[in-house]
Each structure stands twice: as C-alpha cells, then as structure tokens.
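Below are the sequence and a predicted model for it; my questions follow.
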Amino acid sequence: MTEAPVPILMYHSVATAPNEATRALSVAPEAFAEQMALIGDLGLTPVSTADLAGGWRSGGPLPDRPVLITFDDGYEGVHRHALPVLAKHGFASTLFVSTGWIRGAYDTGGGLDAMLDWDQVRELADADCEIGGHSHTHPQLDQLADDRLREELVRCREIVTEQLGTDPASFAYPYGYSSRRVRQAVRDTGYAQALAVENGLARRRQGPYALHRVTVRRSTDATEFAQLLEGRAIARNFARDRALTKGYAVLRRARQVRRKAIRSRV
C-alpha cells in the first residue's frame with residue numbers, strides 16, 4: 001500500500017471555445033492530450049477515487065505511483081474531448097456530477113456551459129470513469145441549513161443511482177467548501193469518501209472525507225503540470241489561491257454567525 005502523497009488532479013471543462021463563466025477552469029483539448037501523455041511518460045498510474053480511498057482504508061494494493069484524474073460538474077467536453085484521450089491511454093478517471101446540471105429530466109437550468117446528458121454519462125461510466133456525486137444544484141454546502149443540505153446530498157445520490165443502476169461511492173464538495181457538519185452529512189448519506197480542493201497533495205492522514213486536490217486550469221503550462229504531478233512548487237503556484245480561500249473562509253464564518261443569530265431571535 002502506498003503511503004506517499006498522491007496528486008489528485010481537478011479538472012472542470014475541456015473545451016476549445018469555453019464561455020466566460022468557465023474559461024479560467026477550462027483546459028484546451030490539445031493541452032489535455034499533452035498532460036495525459038506526460039502522465040504516461042512519467043510512469044504514473046491513474047486510479048479511481050474509490051480505488052485510492054479503498055486502498056488507503058483497507059491497506060489493499062495500489063500502484064507504486066498512483067494519480068487521480070477528476071472532473072467536476074459535468075461539462076460536455078469531458079465526453080467529446082477527454083474521453084477519447086483517456087481511452088487511448090487506458091486511464092481510469094472520476095467524474096463528479098451536479099445532477100441538476102446534467103441535461104435530461106432533472107435539469108434545473110443551472111449549468112454554466114454545454115453540459116453532458118445522461119447517455120453520455122453512462123458512456124463515460126462504461127469506459128472506466130467512476131461517477132461520483134457533486135450535489136444537485138452546486139451550492140456552497142457549508143452555507144445551507146441542515147434540511148437543505150440533506151436534500152442536496154440525497155437528491156444527487158438518488159438520481160445517480162436511478163440513472164446508472166449503482167450507488168455513487170465518492171463525492172466532491174462544490175467549490176471545495178466543507179465543514180465538520182457537511183462532512184458528517186456526506187458520510188451519513190452513504191458516500192464512502194469525498195474530495196476537497198485545498199490545492200495540495202492527497203495524504204492518507206487527511207481522512208477519507210477531506211482528501212486534497214490540485215486545480216488544473218487553462219493557464220497551467222507544461223512545467224507547472226509536471227510540478228503538480230511531482231509535488232513540487234505547489235505552495236508557490238497556488239499562493240494567491242490560498243490567500244483568497246482564507247478570505248472567503250472568514251466571510252463564510254461571518255455569514256454563518258449572522259444566520260444563527262437571526263434564527264435564535266425567531
């Protein structure tokens with residue numbers, strides 16, 4: 001069993017011409033193909049989220065140099081552009097779907113760009129892509145009251161199970177935001193593991209419900225991508241992101257305090 005830190009790559013859209021809402025986190029198809037080739041050249045082995053967490057939980061076997069390739073939200077380019085490249089290399093991956101953003105019977109219209117439909121999600125699942133949950137409407141889960149939080153988690157899980165015939169084992173927090181209450185709710189809903197962001201390498205000691213990921217975006221060049229895979233210069237590359245995250249955390253805590261104060265007066 002590997003105890004070494006593991007890079008978990010967080011992708012969103014893979015698109016030639018993304019819209020403004022998704023551009024910063026949208027990787028060009030050519031760049032994605034080059035990044036997957038580099039993973040192969042460096043001798044890393046992509047595994048699913050469930051396989052990594054399960055191996056760490058049980059002490060089961062894992063490759064010497066595992067890496068996770070994950071996609072959030074459910075953008076159509078994951079099927080159009082990423083799937084052929086992943087299939088070419090025989091790479092496992094994980095897609096975390098916001099079920100209310102997937103085109104079909106449960107579409108709430110909240111998707112930020114061209115989204116997958118359920119037939120495409122099933123094709124991904126058939127091609128060694130684990131399908132995990134990402135809530136129903138992609139809210140900041142740590143800002144929700146308990147009943148709304150449970151509704152987001154349960155609704156997502158029920159829809160994925162209905163559409164694919166299997167229960168999703170893994171979850172990713174929208175925006176990467178969670179709290180002890182949110183993590184417990186995810187566990188109580190039936191998910192066996194969950195991914196945050198944090199822009200750092202995943203380590204077994206983080207626990208199965210707070211595994212770290214690193215963000216891959218349109219501005220990630222070949223040098224930075226290699227550094228992500230090798231765990232080098234991550235603090236420097238994400239210094240601005242971490243500063244912003246700390247600021248957002250202060251704001252979210254202040255909002256929570258205000259809401260609790262308002263509820264106590266009602």
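Received, thanks. Residues are numbered from 1 along each chain as shown.

surely Tyr191 meets Ser170?
Yes. Contact criterion CB atoms under 8 Å: Tyr191 and Ser170 qualify, at 6.4 Å. In this view, the C-beta of every residue, glycine as well, is placed from N, C-alpha and C.

tally of neighbours for Arg57?
For Arg57, the neighbour count with other CB atoms under 10 Å is 14.

Please tell me how far it sits from His12.
The spacing between Arg57 and His12, counted by CB to CB, to the nearest Å, is 27 Å.

can you check Gly207 too?
On the measure of CB to CB, Gly207 and His12 end up 25 Å apart.

Give me the more crowded residue out of these two.
Taking other CB under 10 Å, Gly207 and His12 do not tie; His12 has more neighbours (25 against 14).

Skipping adjacent residues, who's closest to the more buried one in space?
Setting aside the residues directly before and after it, His12 is nearest to Leu25 in space (CB to CB, 6 or more residues apart in numbering), at 4.1 Å.

Quick one, grab the pLDDT at the one you found.
At Leu25, the pLDDT value in this model is 96.

So it is in contact with Thr215, correct?
Yes. Using CB under 8 Å, Leu25 makes contact with Thr215 at a distance of 7.3 Å.

neighbours of the closest residue to Gly100 other than its chain neighbours, just the number please.
Among residues not flanking Gly100 along the chain, Thr108 sits closest, at 3.8 Å (CB to CB, 6+ apart). The criterion is other CB under 10 Å. On that basis, Thr108 has 13 neighbouring residues.

Same question for Ala21.
Taking other CB under 10 Å as the definition, Ala21 ends up with a neighbour count of 12.

With Gln35 instead?
Counted with other CB under 10 Å, Gln35 comes out at 21.

Now the common contact residues for Tyr191 and Ser170.
Both Tyr191 and Ser170 are in contact with Gly132, Gly133, where contact means CB atoms under 8 Å, 6 or more residues apart in numbering.
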